[in-house]
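In: Okay, predicted coordinates and the sequence, questions at the end:
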Amino acid sequence: MHINVTYNSFVALGDSFTEGMSDGLPDGSYRGWADLLAARLAARTEGFRYANLAVRGKLIRQIADEQVDTAASMDADLVTLVGGLNDTLRPKCDVDEVCALLEQSVQRLAPSCRQLVLMRSPIRRGPVATRFLPRMEQLFRSVDELAARHGAVVVDLYGAGVLGDPRMWADDRLHLNAEGHRRVAEAVWQALGHLPGHDWTEPLPAALPLGWATRRGADLRFTREHLVPWIGRRLTGRSSGDGLPPKRAELLPYEL
């Protein structure tokens, strides 16, 4: 069903996924699905306002403590909340606690806006996802239950096979690339009841298999440039988002 709903304001909460990594712009900043969605909503509504409180690396407790009250106080029409996946990738993760913090956040946000949007996050196919899949699926079940209780919209990105395609992901294998973010923006757009711009679930064309040497070279670069620094941060208790401000801290008019 397609409905003609107008949103005058939009606040996005979360981690690197909502910040927009790794949909890079020429100036070195990131765009991402939330910016793309904001641009489409702004094209429909004069004076449209947008805030993006997301910061890369944030865990669900940090999102709950640092972003939720701020977002609720903005009284935005539309709020998106995506978090908890970073927690599931930690060696020691209490998924029940993650779900409880997500529930606490939803209880605070749902009454503060006209429409709350939650997501079942996309997962890149591979050995890492397989290892942590039971945790992720428990988190996604909680998302579904919370949405049903609080009238939130759920965007099922996890269930979309195309977003598991490695070609939708950046070299770090943790963040979507520009095409991945474009499809997420379309998925949210359609979940809000707007007419489709394109089929965001359409599979990519079949790809020729890469040779062993090419795969091995890519694995070595990934290990050197991304995996080793990521492990180093985990071992020292640091985060890629330490000291970084929210992407767009105030709910201000969004200029296309």
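Out: Alright, I've got the coordinates. Nothing here was measured: the structure is a model prediction, and the numbers come from that model.

In: May I see the buried residues of the longest helix seen in the chain?
Out: Secondary structure of the chain per DSSP state H: the longest helix is helix 127-150. Within helix 127-150, the residues that count as buried by 16 or more other C-beta atoms under 10 Å are Ala129, Arg135, Met136, Leu139, Phe140, Ser142, Val143, Leu146, Ala147. Just so you know, the C-beta spots here come from the backbone N, C-alpha and C atoms, and that holds for glycine as well.

In: Which residue comes closest to Thr70 once chain neighbours are left out?
Out: Leu53 (6.2 Å; C-beta to C-beta, 6 or more residues apart in numbering).

In: Kindly report the same for Leu85.
Out: Closest to Leu85 by C-beta to C-beta, 6+ apart is Ser121, at 4.9 Å.

In: Quick one: residues contacting that neighbour.
Out: Each residue near Ser121 by C-beta atoms under 8 Å, 6 or more residues apart in numbering is listed here: Phe17, Val82, Leu85, Met136, Phe140, Leu157, Tyr158.

In: Give the full set of residues in contact with Val55.
Out: Asp15, Glu19, Gln62, Glu66, Gly241, Leu244, Pro245, Pro246, Lys247.

In: since we're on the first one, how many residues are nearby?
Out: Using other C-beta atoms under 10 Å, Asp15 has 27 neighbouring residues.

In: ok, how many other residues are close to the closest residue to it other than its chain neighbours?
Out: Computed as C-beta to C-beta, 6+ apart, the closest residue to Asp15 that is not its neighbour in sequence is Lys58, at 4.4 Å. Neighbour count for Lys58, taken as other C-beta under 10 Å: 28.

In: again, but for the one 10 residues further on
Out: Residue crowding around Val68 was assessed by other C-beta under 10 Å; the count is 23.

In: which residue packs closest to it, ignoring adjacent ones?
Out: Val68 sits nearest to Ser105 (C-beta to C-beta, 6+ apart), 4.8 Å away.

In: Between helix 127-150 and the helix or strand harbouring that neighbour, find me the angle.
Out: For Ser105, the host element (DSSP states H and E) is helix 95-109. Between helix 95-109 and helix 127-150, the angle comes out at 40 degrees (axes from the mean of the first three to the mean of the last three C-alpha atoms, to 10 degrees).

In: neighbouring contacts of helix 95-109?
Out: Helix 95-109 is contacted from outside by 13, 60-61, 63-64, 68-69, 71-72, 79, 81, 83-84, 87-88, 116, 118, 135, 138-139, 142-143, 146, 150, 152, using C-beta under 8 Å, 6+ apart.

In: Brilliant, that's me finished.
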